[in-house]
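J.: Show me the folded form of this:
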Amino acid sequence: MNHLRPVPDGAPEPGAPSAPDLGDLLRRSARGDQTAFAAVYDAVAPKVYGLALRVLRDPAQAEEVAQEVLLEIWRTASHFRAERGSPLAWMLTITHRRAVDRVRAAESATRRDVAYGHRNQSVSHDATAEAAHASLDARRVRGALDALTPVQREAVQLAYLGGYTHTEVASMLDLPVGTAKTRIRDGLIRLRDTMGVGTRDEL
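T.: The predicted structure is shown next:
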């Protein structure tokens, strides 16, 4: 999968076709249209790989995760709901989740190796409690995201799950940079209000 490499920011290459309608392509893919999925693949594979690489910082693992994500998109295309955000945000959310899972699995393996050398020590209650809290926090964040408007959720997902800058988010959503910044800021304020964390003055 050598072609899965981040593409530089900026204008498309001369003669490049207009951006495809990813929502329509996903709907067709959900009905088994392989040609439509090939178009989805070509459009998003570099972005999927780029995000995976940002999280994993390992090209080989990023390629593996990108392949897993694209296969998941093919299998679950029918799960996409336009009212919850853009097709790209949905696919990058899947990518981020897969990449983070890979990081956690690697960290878990490392912890098991360390624990192997300390068999006589008692099980760490703190580690168990930390894992439980992390799981609860993840559920709280998902619930809080549901409280955002679709446009807020889309912008926040791209900025904080996708790791894109405000300028990149504005370009992806075809918005003025100021509007993208406002959506991200308003989304974060609403997230904090919903989760009961922090104050507006901290933003």
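J.: Report the mean confidence score over the helix or strand containing Arg27.
T.: Element membership of Arg27 [criterion: DSSP states H and E] is helix 22-30. Mean pLDDT, helix 22-30: 94.
J.: Remind me what the following helix or strand past it packs against, helices and strands.
T.: Toward the C-terminal end, the helix or strand that comes next after helix 22-30 (DSSP H and E) is helix 34-56. Helices and strands touching helix 34-56, by 3 or more C-beta pairs under 8 Å, 6 or more residues apart in numbering; DSSP states H and E, are helix 22-30, helix 59-76, helix 87-116. (C-beta placed from N, C-alpha, C; glycine too.)
J.: For the ones you listed, which has the smallest mean pLDDT value?
T.: Among the helices and strands packed on helix 34-56, helix 87-116 scores lowest, at a mean of 80.
J.: before we move on, the earlier item: pipe the helices and strands packed on helix 34-56 into a markdown table and attach mean neighbour count and distance to Asp174 per row.
T.: As requested, those are arranged in a markdown table below (neighbours: other C-beta atoms under 10 Å; distance: least, C-beta to C-beta, whole Å):
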| stretch | mean neighbour count | distance to Asp174 |
| --- | --- | --- |
| helix 22-30 | 19 | 13 |
| helix 59-76 | 18 | 22 |
| helix 87-116 | 16 | 12 |
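J.: Figure out which of these is closest to Ala43.
T.: Nearest to Ala43 among the helices and strands packed on helix 34-56 is helix 22-30; the distance by C-beta to C-beta comes to 6.4 Å.
J.: Counting by contacts, list what the closest one packs against.
T.: helix 34-56, helix 59-76, helix 87-116.
J.: please redo it, this time with the cut-off set to 6 Å
T.: With contacts defined as 3 or more C-beta pairs under 6 Å, 6 or more residues apart in numbering; DSSP states H and E, the packing partners of helix 22-30 are helix 34-56, helix 87-116.
J.: angle of the helix holding Arg27 against helix 87-116?
T.: Helix 22-30 runs at 70 degrees relative to helix 87-116, counting by axes from the mean of the first three to the mean of the last three C-alpha atoms, to 10 degrees.
J.: Helix 22-30 to helix 59-76, inter-axis angle?
T.: 70 degrees.
J.: can you list contacts of helix 22-30?
T.: Helix 22-30 is contacted by residues Ala36, Phe37, Ala39, Val40, Ala77, Ser78, Phe80, Ala82, Pro87 when judged by C-beta atoms under 6 Å, 6 or more residues apart in numbering.
J.: Same question for stretch 70-80.
T.: Leu26, Ser29, Ala30, Phe37, Tyr41, Trp90, Met91, Ile94.
J.: Export the residues you listed as CSV, with columns for distance to Asp58.
T.: Output for these, formatted as CSV (distance: C-beta to C-beta, whole Å):
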residue, distance to Asp58
Leu26, 29
Ser29, 29
Ala30, 32
Phe37, 27
Tyr41, 22
Trp90, 25
Met91, 21
Ile94, 19
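J.: before we move on, the earlier item: now render the helices and strands packed on helix 34-56 as TSV, adding distance to Leu191.
T.: TSV is the format used below for the helices and strands packed on helix 34-56 (distance: least, C-beta to C-beta, whole Å):
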stretch	distance to Leu191
helix 22-30	25
helix 59-76	25
helix 87-116	15
